[in-house]
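Visitor: mind folding the following:
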Amino acid sequence: MDIMPLFPTALGKVSNFITEKERLKLTKSIKDTKHDDHGAILGDGVSTHDPLDLSRLPSSVINKNIKNRLLEQVNKYAQAYGIRRNLKLDNIWSNIQNAGSALEEHYHPQSIISGALYLNVDDSCSITFHNPNPYIYFTYFVERNPFNYEWYKFSVNNADLILFPSWLKHGHHGHVNTMDNRMVVSFNSYYGK
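Guide: Model (predicted):
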């Protein structure tokens, strides 16, 4: 029998997206940036994300070179995913989480492609994506595989860039952060003029 992958969801991963020197500089800049409590982070964690002020992470924190490289990867991902390119970056923010915190399950409305750049993580860190099929929970599976995962946890490393469609729900799914100063820069993209 031929098995055909119907409705697959593409994720993009770029390992070592930034150099160690860039990572350390970004980490320091983000530590020096004002962060506040954010409703999507449970426990001890803060963010620069503010839905009413989309420019909370100062533009000086992430230099133009890195932003251009992010945008290049976003547009490569868009091409691979089969959607229109020439996207623009929108509302870049950072999250800092400490042990015992978790990121609520969520998605990124009013955006096309979202991304996460991991700046300070350890071997316990990951990102969990949830199956967008609302009926997947109605079937009993005797073996898990990419056709029937309810959720899937991807391990991440420092300097990894993960890209995904903004509609794809992601979040802790019971996974609680075990390290202090877990640091991630996230962003959205959209079709600009």
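
Visitor: against which helices or strands is the helix ranked longest in the chain packed?
Guide: Longest helix in the chain, counting residues (DSSP state H): helix 64-81. Packing contacts for helix 64-81, counted by 3 or more C-beta pairs under 8 Å, 6 or more residues apart in numbering; DSSP states H and E, involve strand 12-14, strand 87-97, strand 113-120, strand 161-165, strand 182-191. Backbone N, C-alpha and C define where each C-beta goes, glycine included.

Visitor: angle of the stretch of helix or strand Ser29 belongs to against strand 87-97?
Guide: Using DSSP states H and E, Ser29 sits within helix 20-31. Orientation of helix 20-31 against strand 87-97 (axes from the mean of the first three to the mean of the last three C-alpha atoms, to 10 degrees) gives an angle of 70 degrees.

Visitor: let me know the pLDDT of the residue nearest the centre of the chain.
Guide: Residue closest to the average C-alpha location in the chain (C-alpha atoms, centre = their mean): Ala116, at 3.2 Å. Per-residue confidence (pLDDT) for Ala116: 98.

Visitor: could you measure from it over to Gln73?
Guide: For Ala116, the distance to Gln73 equals 12 Å [C-beta to C-beta, to the nearest Å].

Visitor: what sits in contact with each of these two?
Guide: Residues touching both Ala116 and Gln73 by C-beta atoms under 8 Å, 6 or more residues apart in numbering: Leu161.

Visitor: so who does the closest residue in space to Phe129 that isn't next to it in sequence touch?
Guide: Excluding the flanking residues, the one nearest Phe129 by C-beta to C-beta, 6 or more residues apart in numbering is His170, at 5.0 Å. Going by C-beta under 8 Å, 6+ apart, His170 touches 105-107, 127-130, 164.

Visitor: now, of those, which are buried?
Guide: 107, 127-130, 164 (16 or more other C-beta atoms under 10 Å).

Visitor: from those, which is closest to Val185?
Guide: Ile127 (13.2 Å; C-beta to C-beta).

Visitor: the inter-axis angle of the host helix or strand of that closest one versus strand 161-165?
Guide: Counting by DSSP H and E, the element that carries Ile127 is strand 126-130. When the same axes, to 10 degrees is applied, the directions of strand 126-130 and strand 161-165 differ by 10 degrees.

Visitor: what mean pLDDT does strand 126-130 have?
Guide: In this model, strand 126-130 has a mean pLDDT of 95.

Visitor: other SSEs contacting that strand?
Guide: strand 151-155.

Visitor: return the distance of the strand it packs on from the chain's centre.
Guide: 12 Å (C-alpha atoms, centre = their mean, to the nearest Å).

Visitor: same check on stretch 150-158?
Guide: That offset, for stretch 150-158, works out to 10 Å (C-alpha atoms, centre = their mean).

Visitor: quick one, what contacts the residue lying closest to Ser47 once chain neighbours are set aside?
Guide: Spatial nearest neighbour of Ser47, excluding adjacent residues (C-beta to C-beta, 6+ apart): His38 at 3.8 Å. Residues near His38 by C-beta under 8 Å, 6+ apart: 45-47, 49, 95.
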